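Participant: Got a predicted structure here, sequence first:
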Amino acid sequence: MRNLFGSLVIVGVSVIVGTTGCTIKATLKEITDTTSNITGTTSGQAWWNEDGQIKPDFKTTAFVTLNQDNLQQDVAAGRGEYLSSVSRLLGVPEEQRPMFFSTVQAGYAEAVEKDPAALLTLLRNTSRAFLR
């Protein structure tokens, strides 16, 4: 009885897999392709170093993307911990941050798009005037 049940299960799984067109090789290829797309950019440069840390060039991009809602609120208010954190990532000197905050706030009001890319562009372009 046990062997009959085991055989029926194997036949059933074989029929399901055979009729869906799925193969283990195709599934594994899809998984590894997706992983490669996440860990690398189109230029072939990875965002991550060998230790699994985000490279400095990508820290600001990752921060703005992951904290967009909170950062938008801070930029609109002209102050806040998220705006302070991104100013540090951009290299704005501490004594220049209050002026940076108000300048970004003024630019944000004029910005039409509120997506992460537009917000990142606004922050980077504004910070250039405050860098040493």
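Facilitator: Everything's here; your move. Residues are numbered from 1 along each chain as shown.
Participant: Of all the residues in the helix or strand hosting residue 75, which ones are buried?
Facilitator: Secondary structure from DSSP states H and E places residue 75 in helix 68-77. Judged by neighbour count using 16 or more other CB atoms under 10 Å, the buried positions of helix 68-77 are 68, 71-72, 74-75. Where C-beta positions appear, they are placed from N, C-alpha and C, glycine not excepted.
Participant: Just checking, which helix or strand succeeds it along the chain?
Facilitator: Using DSSP H and E, the next helix or strand after helix 68-77 towards the C-terminus is helix 81-90.
Participant: Buried residues of that following helix, list them for me.
Facilitator: Within helix 81-90, the residues scored as buried using 16+ other CB under 10 Å are 82-83, 85-87, 89-90.
Participant: Stretch 95-106 now?
Facilitator: For stretch 95-106, burial by neighbour count (16+ other CB under 10 Å) applies to 96-97, 100-101, 103-105.
Participant: Turn these into CSV, columns for pLDDT, secondary structure and distance to residue 115.
Facilitator: Shown next, in CSV, are these (pLDDT from 0 to 100; DSSP: H, G, I helix; E, B strand; the rest coil; distance: CB to CB, whole Å):
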residue, pLDDT, secondary structure, distance to residue 115
96, 95, helix, 26
97, 95, helix, 24
100, 95, helix, 21
101, 95, helix, 21
103, 94, helix, 20
104, 93, helix, 16
105, 92, helix, 18
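Participant: still on that earlier bit, identify the residues contacting the helix holding residue 75?
Facilitator: With contacts defined as CB atoms under 8 Å, 6 or more residues apart in numbering, helix 68-77 is touched by 63-64, 80-84, 86, 104-105, 108-109, 114-116, 119, 122-123.
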